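J.: coords please:
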Amino acid sequence: MRLPGLLVCAPVLVACAAGCGGSQHAIETPSVTLPRSLAQTWASRADAIAAAASAGQGCRAQSLAASLRDEVVSADARVPAAYRTTLLVSVNRLADRIVCVPPTKTVTAQAQPPPQPAHHADHPKGHKHDHEGQGQDQ
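T.: The predicted model follows:
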């Protein structure tokens, strides 16, 4: 996992989500901001992604990033056009940079019993052996 890239993308995502850049414009110019609920939700999601990645939980971070990407895409109509492209690029980069490496599983095979000796394999089944008295006079 490339943590430095994640640390660069997360603040960009949070900044876009928060609609940063105070309004110093005249009253005639409407302020373009992201709805506060979206900004807060996405900022907390970005924090959770960064925390999971920092903890070495790449699969969890990847899942959270994919979920965030889906949320951003589905909220497209609520995102002001001024932020849409930057936000989508940032969330896509974030999700694409996280690598999920599943933990390796150790499989222990049980020992097989040794094969049975084949010394009776040449005798027909059910053939009785008369080993007693062999070599003796009767």
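
J.: all strands of this protein, in order?
T.: Taking DSSP state E as the criterion, the chain contains no strands.

J.: ok, which stretches of the protein are helices?
T.: For the chain, the helices defined by DSSP state H occupy 3-18, 36-54, 58-74, 81-97.

J.: who wins for proximity to Thr108 among those?
T.: The minimum distance between Thr108 and the helices of the chain falls on helix 58-74, with 23.8 Å, by CB to CB. Any C-beta I mention is one placed from the backbone N, CA and C, and that applies to glycine too.

J.: mean confidence for that closest one?
T.: Helix 58-74 shows a mean pLDDT of 94.

J.: just to revisit the earlier point, flag whichever of the helices of the chain has the least confidence on average.
T.: Lowest mean pLDDT within these: helix 3-18, a mean of 51.

J.: in stretch 43-58, what's buried?
T.: Ala43, Arg45, Ala46, Ala48, Ile49, Ala50, Ala52, Ala53, Gly58 (16 or more other CB atoms under 10 Å).

J.: Go through these and say which is closest to Pro35.
T.: Ala43 (12.5 Å).

J.: how near is the nearest residue to Ser67 once chain neighbours are set aside to Leu64?
T.: Leaving aside its sequence neighbours, Ser67 sits nearest to Arg45 (CB to CB, 6 or more residues apart in numbering; 7.4 Å). From Arg45 across to Leu64, the span is 6 Å (CB to CB, to the nearest Å).
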